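Participant: Fold the following, please.
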Amino acid sequence: MTERKQGRVDAYRLLMADVYELAGESRRSSEELAREAGQTAARWHVMSVLSDGSRTVASAARRLGLARQSVQRVVDDLARAGMVELHDNPDHRRAPLVTLTEAGLVTLTGLLERSDADRRDAVDRARVSLSDLENARATLRRLVDALQSR
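Facilitator: Numbers count the residues shown, from 1 in each chain. Here you go, the predicted model:
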């Protein structure tokens, strides 16, 4: 492998290490924000996935990259708390559609407002511009697309 190609591979590895570290820090702060609101990050993530419409548990799990069983446990917990409702699915009798209730939407909105304020503060402290974020995202999307298309 040429030195230039090896340099790009090394830079990719370092980028991934930073992405993992950022994801970990983001997860920790999300857990803290969720805990302050009497929730968990897992519940928050499932409610977020449901915010754009009804889904099956399997669909939510795929979107989150998690096992269906773990998402099912969270959905059951959210249903007991009145945050989601299960509805008949005309396409699959044994896979109900999960929908946010008004209480779930109010809870999610509160979590998002807290998170937005926290993330705004982090972006300000990092002195990161909108352009910086858009360029970083575009680079990450190209890498994701390349990995998915192999």
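
Participant: any idea which residue sits dead centre in the chain?
Facilitator: Centroid-nearest residue in the chain, with Cα atoms, centre = their mean: residue 45, separated by 5.6 Å.

Participant: does that residue belong to a helix or a strand, and which?
Facilitator: Element membership for residue 45, per DSSP states H and E: helix 41-50.

Participant: Now for the nearest residue to residue 96 once chain neighbours are set aside: which residues touch it?
Facilitator: Nearest non-adjacent residue to residue 96, counting by Cβ to Cβ, 6 or more residues apart in numbering: residue 86, 4.1 Å away. Where C-beta positions appear, they are placed from N, C-alpha and C, glycine not excepted. Counting by Cβ atoms under 8 Å, 6 or more residues apart in numbering, residue 86 touches 75, 79, 96, 97, 98, 99.

Participant: residues in contact with residue 68?
Facilitator: Neighbouring residues of residue 68 by Cβ under 8 Å, 6+ apart: 57, 58, 61.

Participant: And the helix or strand containing residue 13, what does it pack against?
Facilitator: Assigned by DSSP H and E, residue 13 belongs to helix 3-36. Helices and strands touching helix 3-36, by 3 or more Cβ pairs under 8 Å, 6 or more residues apart in numbering; DSSP states H and E, are helix 41-50, helix 102-126.

Participant: got the angle for the shortest one vs helix 3-36?
Facilitator: Just to be clear, that refers to helix 41-50. Relative orientation of helix 41-50 versus helix 3-36 (axes from the mean of the first three to the mean of the last three Cα atoms, to 10 degrees): 100 degrees.

Participant: do the same with the longest one
Facilitator: Counting by the same axes, to 10 degrees, helix 102-126 points 130 degrees away from the direction of helix 3-36.

Participant: sorry, back to before: would you format the helices and strands packed on helix 3-36 as CSV with mean pLDDT and distance to residue 11 included?
Facilitator: Below are the helices and strands packed on helix 3-36 laid out as CSV (pLDDT from 0 to 100; distance: least, Cβ to Cβ, whole Å):
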stretch, mean pLDDT, distance to residue 11
helix 41-50, 96, 30
helix 102-126, 96, 20
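
Participant: quick one on the thing from earlier: how about residues contacting the helix holding residue 45?
Facilitator: By Cβ under 8 Å, 6+ apart, the residues outside helix 41-50 that reach it are 27, 30-31, 34, 55, 60, 63-64, 70-71, 74-75, 77-78, 83-84, 98-100, 104, 107-108, 111-112.
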